[in-house]
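J.: coordinates only, no sequence provided:
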């Protein structure tokens, strides 16, 4: 067995032996012993590995505590775009792995940026927001989006926070505004000193800047890395209009002075999920008018597969529901094989049938059997108030 | 791939392409000319030809011949376009082509359940007969089954009126192939029917067509029907709207019948047409304990697995998501320790059986258009019917009741099912195999366009349930 398979086997066996729920899920997939797991891993039959649905980690499902190993750690919580956050128990080692996952993605466009304009709540703000998700049982809770924020800061020489709380009377959901002065100053400095400058994180914030009509100094070496979803216009409690990817890119080129022929190298989007130590970056593809996410050299080593909902077989081309398989970053919880409620379009596959490139990520809206629809969106950033540009 | 073009005798300028198959697309400007020409041709034809109905019955018989060229063409094209397998179409789709309609439907109300051929019939409501002589019948077609879309053309042929048929985008081709077979037999009869596609809800075309139609036969989602009614009711010519909304079937199984054979038959009622037909069973009530219902549910699941392998499953992306929701929803209850068991294939969600052993509560009409059902134990069938009847909000959705129960219980329980809102009470294993004398959706095919009596016609499809169960089991024995 390869190292990946050996570790995968160990991780899944541990999960099988520890969690009754996982054992039940395995039973439904025709896997009743750890030997069966070994056989599936050995044969690289990735579609056969029983997955846990991201829905089981939602607070409303009430299972997240039953999917936690009894080890020291803390809860990672998602941004609760749906109003129903995921809770995943993570150890210190898991956090390191997640941090590495994001860092490796952010370094793909350029190893080190000179200056980053962070269009997302800063770490201090996120730490404050994390307290809202406290379970009141003495455990610590951290918004998972803090980790990509740390990773983003680690991949730049200097980071400037672009989002601040607007002045005014305090309220339960403070209005945010973009630090326009710092934005112009940062861009001017990058233009004058020929610095590599990054527009990072929330597509909702960046899109508002681009559509504000304000003239901006054009730097020469500009990159955009969005992440955490928001393309449908909602992120945490923020609500905006859906953002058309092609229009966003076209506008970015126009306003920020990015040559159109360089858009594919300079404009990126990151896909990460709260329930798995996983981050995958995609570059803009002018031909396909969408981001193409590549699973090559993922850190930590992971397999992405897409399954046909009806047959459960691997999708080699076209749409399927995404599963992420990896033995790494699962010290805290039963996350070795995660099924996310996202559909992807498979562009190309590896020899073993796993996904090499994918595009067009779409959240599957979920409704429980009581008929209550959860307007669930991709999400792992701020749960805050309205956005204002001044 | 070569383009195959389907045409009407009356030509229009535009076409819509479905996977390389082109069908006519009616334009707003063409509506007047098409209606005028069609009406003139129908008047001329039906005024002299009195044997059109018999001709169609004879044509349908030819469709039963495996060598009939149009049948062969349909079996080559339709699986690719519709997603239904050849086996599905052959088994269920061509079944009604055997109908000869030897006896006319009842002409007077039957307020009491009375013997009728090899079953029982009853009418509900106050009879108010309205005879129709439609100048034009327009049908907004369904796309969830194949074959019946040809049979419903009888509405207009019996009435001797022209028909405009708007085909469904999901299944647009079979009516054209059938119409071609009609053209080969009698081109002038074919010329009384205009088949076309337009995007559903296109008010500019539809309002023009509807304003010329005396009978509008709408099949589809409740929203579609409501939209058509909203626009048509204010029209001054007072057309009749025949509503064929979204409906579901349910099964009621007495304790004596919790057998493998009945489970096989119920599974067929669930898996036929991949669970997409209005009569497909979605909820199964089983007399017995939760453990006994679970055992029966497992037998049903095993049979559905067999049928979906034989006939295939066709899941639209939306149905796939609904099945995933349903699976995860019931699994969540199961993991919470509730008396729920979720059965699906080891991989994928080709089918789903959820056995919900909790006490009956507000019923959730389980509606994914897929081979799926929820099995629930009940102390007795009376309780199950009373539970359904206590929820007026699901009444409009009720279609067939598939039953397996002792003969002495059949008629008293059927009466209660009719009161709850069910249309036909049918022997398990027969929802897809209606007898030709049965009404559908409370009406008769032969009267749809000519006679409205304000009655809801219902029936029990057997007068010897054990014999019919045996007959139904024999029909599917090759798969047992």
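T.: Received the coordinates, thanks. On a predicted model such as this, the values are computed, not experimentally measured, just so you know.
J.: mean confidence for the helix or strand hosting residue A:87?
T.: Per DSSP states H and E: residue A:87 is located in strand A:87-90. Taken as a whole, strand A:87-90 carries a mean pLDDT of 98.
J.: stretch B:331-346 too?
T.: For stretch B:331-346, mean pLDDT is 94.
J.: what does stretch A:339-350 give?
T.: With pLDDT averaged residue by residue, stretch A:339-350 scores 96.
J.: run a quick neighbour tally on residue A:334.
T.: When neighbours are counted by other C-beta atoms under 10 Å in any protein chain shown, residue A:334 registers 29. Glycine gets a C-beta too; all of them are placed from N, C-alpha and C.
J.: what pLDDT does it get?
T.: 98.
J.: cool, and residue A:67?
T.: On pLDDT, residue A:67 comes in at 98.
J.: centre-most residue in chain A?
T.: By C-alpha atoms, centre = their mean, chain A has its centre lying nearest to residue A:272, at 2.0 Å.
J.: how close does that residue get to residue A:361?
T.: According to C-beta to C-beta, to the nearest Å, residue A:272 and residue A:361 sit 11 Å apart.
J.: likewise for residue A:269?
T.: Distance from residue A:269 to residue A:361, counting by C-beta to C-beta: 9 Å.
J.: between these two, who's got more neighbours?
T.: Just comparing residue A:269 and residue A:361: by other C-beta under 10 Å the higher neighbour count belongs to residue A:269, 25 against 21.
J.: any idea how far the longest strand seen in chain A is from the middle of the chain?
T.: The strand that spans the most residues within chain A, counting by DSSP state E, is strand A:337-349. Once both centres are worked out by C-alpha atoms, centre = their mean, to the nearest Å, strand A:337-349 turns out to sit 13 Å from its chain's centre.
J.: related to what we said a few turns ago, now the phi/psi pair for the residue nearest to the centre of chain A, please.
T.: Dihedral pair for residue A:272: phi -130, psi 160, per degrees, to the nearest 10.
J.: verify the stated contact: it with residue A:280.
T.: Yes. Residue A:272 lies in contact with residue A:280 (C-beta atoms under 8 Å); the separation is 7.3 Å.
J.: in the stretch 51-200 of chain B, what residue is nearest chain A?
T.: Closest contact between the stretch 51-200 of chain B and chain A, by C-beta to the nearest C-beta, is at residue B:83 (10.7 Å).
J.: how about residue A:10: what's its closest non-neighbour residue?
T.: residue A:327 (6.9 Å; C-beta to C-beta, 6 or more residues apart in numbering or on different chains).
J.: oh sorry, the question was meant for residue B:46
T.: In space, residue B:46 is closest to residue B:160, 3.6 Å off (C-beta to C-beta, 6+ apart).
J.: how deep is the one you found tucked in, by neighbour count?
T.: Neighbours of residue B:160 (other C-beta under 10 Å): 20.
J.: per-residue pLDDT of it, please?
T.: At residue B:160, the pLDDT value in this model is 95.
J.: re earlier: and the longest strand of chain A, what does it pack onto?
T.: Strand A:337-349 sits against strand A:52-53, strand A:303-307, strand A:318-325, strand A:355-363, with contacts defined as 3 or more C-beta pairs under 8 Å, 6 or more residues apart in numbering or on different chains; DSSP states H and E.
J.: tell me which strands that strand pairs with, and in which orientation.
T.: Here strand A:337-349 is paired, per DSSP bridges, with strand A:52-53 (parallel), strand A:318-325 (antiparallel), strand A:355-363 (antiparallel).
J.: I'd like to know how far residue A:88 sits from chain B.
T.: Separation of residue A:88 from chain B (C-beta to the nearest C-beta, to the nearest Å) stands at 17 Å.
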